[in-house]
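**Q** Attaching a predicted model along with its sequence, questions to come.
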Amino acid sequence: MKIHLIAIGGSAMHNLALALHFKGYTVTGSDDQIFEPSRSRLEKHGLLPKKIGWYENNIKKDLDAVILGMHAKKDNPELIKAQKLGLNIFSYPEYLYHQSKNKKRVVVGGSHGKTSITAMILHVLKEMNIDCDYMVGAKLKGFDVMVKLTEAPIIILEGDEYLSSPVDRRPKFHLYKPNIGVISGIAWDHINVFPTFENYLDQFRKFKNLVSDCLIYCKEDSGLNKLMSEHINIRTIGYTTPNYTIKNGITFLENIPLKIFGKHNLQNLNAARLVCKELGVSNGDFLNRIKTFNGASNRLELIREDTNSSIFKDFAHSPSKLVATIDAVKEQFKSRKLIACMELHTFSSLNKEFLNQYSNSMNCADKAIIYFSLEAIKHKKLKPISKEDIKIAFNNENLKVINNSDELKIYLKTIYSDNTNLLMMSSGNFNELNYDEI
C-alpha cells in the first residue's frame, strides 16, 4: 500500500505515519512546518519530507490513499490535485475506521478524562498480554507510539469531539462506529465550532446513537444523565466514584495502593474497569494491574517532589477540569498549601464571551494565578481581554493575573515555599516555562 499524508508533522498525523510504516506500507508525507519531537521521529524512520512545503508532484496516480490532517487548508495544492485525480482521500479518523472496521472498536469519548481512561485500558491490556491496536492522544509510558495498527482483533480509540479535517466538519468520534462506547462527562468546549451548549451536547447525542453494543457512562454528570434519559436501544452501564481511602498521601482502592489520585481519576478508573470487563478481564485482574499505572502524560503528572512539596502539571484548561484537578490535589495533600496556576490558551478560554464559565473554578486553591499571552489572543484573532476582565469572570478577588512569562517565573519563585504544592494547568506550555528553574 502507498499512502501519502498531507500535514504529516502533526502530533496525531506523524504517529499514524509511523504506525503505517511499521505495518509495512510505503509512506510519504508533506508539511509546511515540522517541529520536535515529530521531526526527529520521522527522520529516524526515513519519513521526514525532503523539502518543507506543499508540492503537487507529491501526489501521483498510484497512491492507494491520501490522508488529510487538520493543519492543511481547503486550498492545499496537494489536496486539490488528489481531488482532480479521483484518489481515495481520508481524514485522520476516517482512515482509522478504514483500518479497524473488522475489529471490535472501543471508543472513549467525553469532554474530560478520555485520555486517562484510554491509557488505563491500554495499561491493563498490555499487562494481561491481550493484543490490541489503539490510538491515544498523549504519549504513554511503556508505549513507543500513540497509534498502533496491526492485525489485532480489538482497537481502543480515544474519541475526540473536534472536527475531522478541513473538508470534513464532522466530529472525529462520529466516524469510528463504536461497538463499545464510553462517555466520561459533558462540559461545553470548542465554542469556535459549537457556539452553544445545546449544539455541543448534540454531538454526544449523535455519538450515543452510533454505539452498537454497549454504552458506559458517568452517572455523576448531570448533563450526561439528562442525555441518557432519552430513548436508547442498546445496553447501558453507569458508573460512579468508587469508595476509597487516603493514607499518608496515597489513595487506596479495595485495600490496593494506587499511584493515581483524585475523584475524577477514580471515576476514570471505574470506566476503564467496565471496559476491560467487557473485554474479558476480571475485577481482580484489573485491580492487580491498575495499581502500577502512574498516569498519562500531562494528566496530574508529578514532575518534581521532595519530602513535603511537589510540582504537578496537568492538561486542565476547561472550567470543570480546573475544579476537578484542584480538588484532587487539595484532598490528597490536606496539610499542604496549594498554589494553582492556569494558562488561558485555548480559543474558548481566551474568548471574552466564554470567560464567565470559569466563575469560582479556582477558589479552592490557597493561591490562584492566571497566565495569558497577549500574542496568543492576537494569533487567534480574538477580542482583547484585560486582567480585570479575568478577575471578574473568575469571581476571585485574590486572583493574580499575569501576561508576561518572565514575570510569572519570578513570581512563582517568590511565593513557592516548603509544605506547598504547585499545580501548573494548561493545554499549552506557559510560553515554554522551564519548571527546573522554579
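**A** On my side now, so go ahead.
**Q** Tell me where this protein has helices.
**A** Along the chain, counting by DSSP state H, helices occupy 11-22, 38-44, 77-85, 92-100, 114-127, 197-210, 222-228, 263-278, 283-290, 319-332, 374-379, 387-394, 405-415.
**Q** With distance to Tyr358, mean neighbour count and mean pLDDT added, can I get these in a markdown table?
**A** From N, CA and C alone the C-beta is placed, and that goes for glycine too. Below are the helices of the chain laid out as a markdown table (distance: least, CB to CB, whole Å; neighbours: other CB atoms under 10 Å; pLDDT from 0 to 100):
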| stretch | distance to Tyr358 | mean neighbour count | mean pLDDT |
| --- | --- | --- | --- |
| helix 11-22 | 26 | 22 | 96 |
| helix 38-44 | 32 | 16 | 96 |
| helix 77-85 | 38 | 17 | 97 |
| helix 92-100 | 30 | 21 | 97 |
| helix 114-127 | 21 | 25 | 96 |
| helix 197-210 | 15 | 16 | 95 |
| helix 222-228 | 17 | 16 | 90 |
| helix 263-278 | 17 | 23 | 97 |
| helix 283-290 | 32 | 16 | 97 |
| helix 319-332 | 5 | 21 | 94 |
| helix 374-379 | 16 | 13 | 90 |
| helix 387-394 | 5 | 16 | 95 |
| helix 405-415 | 18 | 14 | 92 |
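**Q** Distance to Leu63 for those helices - can I get that in CSV?
**A** Listed next are these as CSV, based on distance: least, CB to CB, whole Å:
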stretch, distance to Leu63
helix 11-22, 13
helix 38-44, 18
helix 77-85, 8
helix 92-100, 13
helix 114-127, 31
helix 197-210, 29
helix 222-228, 41
helix 263-278, 36
helix 283-290, 42
helix 319-332, 40
helix 374-379, 34
helix 387-394, 49
helix 405-415, 43
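**Q** Ok, which of those helices comes nearest Asp168?
**A** When the helices of the chain are compared by CB to CB, helix 92-100 sits nearest Asp168, at 7.2 Å.
**Q** what residues does that closest one touch?
**A** For helix 92-100, the external contacting residues (CB atoms under 8 Å, 6 or more residues apart in numbering) are 12-13, 16, 65, 67-70, 90, 105, 133, 135, 147, 149, 155, 157, 164-165, 168, 172-173, 175-177.
**Q** can you do 7 Å?
**A** Residues external to helix 92-100 that are found in contact with it (CB atoms under 7 Å, 6 or more residues apart in numbering): 12-13, 16, 65, 67, 69, 90, 133, 135, 149, 155, 157, 164-165, 172, 175-177.
**Q** quick one: which of those sit in strands?
**A** 65, 67, 90, 133, 135, 155, 157, 164-165 (DSSP state E).
**Q** Can you check which strand is longest in this protein?
**A** strand 337-344.
**Q** Direction included, what does that one pair against?
**A** Neighbouring strands of strand 337-344 in its sheet, by DSSP bridges, are strand 367-372 (parallel), strand 420-425 (parallel).
**Q** between the first one and helix 319-332, how many degrees?
**A** With axes from the mean of the first three to the mean of the last three CA atoms, to 10 degrees as the basis, strand 367-372 and helix 319-332 are set at 150 degrees to each other.
**Q** repeat for the last one
**A** Using the same axes, to 10 degrees, the inter-axis angle of strand 420-425 relative to helix 319-332 is 160 degrees.
**Q** What are the buried residues along strand 420-425?
**A** 420-425 (16 or more other CB atoms under 10 Å).
**Q** Same question for the first one.
**A** Of all the residues in strand 367-372, those buried under the rule 16+ other CB under 10 Å are 367-372.
**Q** How many neighbouring residues does Leu350 have?
**A** 20 (other CB atoms under 10 Å).
**Q** Repeat that for Lys2.
**A** Lys2 - counted by other CB under 10 Å - has 13 other residues nearby.
**Q** so what's it up against?
**A** Applying CB under 7 Å, 6+ apart, we find Lys2 in contact with 26, 62-64.
**Q** Most neighbours out of the residues you listed, which is it?
**A** Leu63 (19 neighbours).
**Q** Now do the contacts for that one.
**A** Contacts for Leu63 (CB under 7 Å, 6+ apart) come out as 2, 4, 87.
**Q** Let me know the closest of these to Ser359.
**A** Ser359 has its nearest neighbour among these in His4, at 47.2 Å by CB to CB.
**Q** hey, what's that closest one bridged with?
**A** Thr28, Val66.
**Q** From here on, call the first residue 9.
**A** Yep, numbering from 9; the last one is His12 now.
**Q** Please name the residues that touch it.
**A** 36-37, 66-67, 71, 74.
**Q** per-residue pLDDT, His198?
**A** At His198, the pLDDT value in this model is 84.
**Q** Test my guess that it contacts Asp168.
**A** No - assessed by CB atoms under 7 Å, His198 is found out of contact with Asp168, at 9.8 Å.
**Q** picking up where we left off before, export the contacts of Leu71 as TSV, with columns for distance to Tyr105.
**A** TSV is the format used below for the contacts of Leu71 (distance: CB to CB, whole Å):
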residue	distance to Tyr105
Lys10	20
His12	19
Leu95	18
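**Q** Tabulate those in TSV, adding columns for pLDDT and distance to Leu266.
**A** Shown next, in TSV, are these (pLDDT from 0 to 100; distance: CB to CB, whole Å):
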residue	pLDDT	distance to Leu266
Lys10	98	46
His12	98	44
Leu95	98	49
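**Q** the domain parsing of the chain - what is it?
**A** Domain assignment for the chain, taken from automatic domain parsing, gives 10-95, 103-298, 309-445.
**Q** Please tell me how far the last one is from the chain's geometric centre.
**A** Per CA atoms, centre = their mean, to the nearest Å, the displacement of domain 309-445 from the mean C-alpha position of its chain is 18 Å.
**Q** Quick check: end-to-end length of it?
**A** Start-to-end span of domain 309-445 (CA to CA, to the nearest Å) is 18 Å.
**Q** Count the residues that sit near Met152.
**A** Quick fix: residue 152 is Asp, not Met. The number of residues packed near Asp152 is 11, by other CB under 10 Å.
**Q** State the distance from it to Lys134.
**A** As judged by CB to CB, to the nearest Å, Asp152 and Lys134 stand 12 Å apart.
**Q** cool, and Val190?
**A** When distance is defined by CB to CB, Val190 is 19 Å away from Lys134.
**Q** likewise Phe294?
**A** For Phe294 relative to Lys134 (CB to CB), the value is 13 Å.
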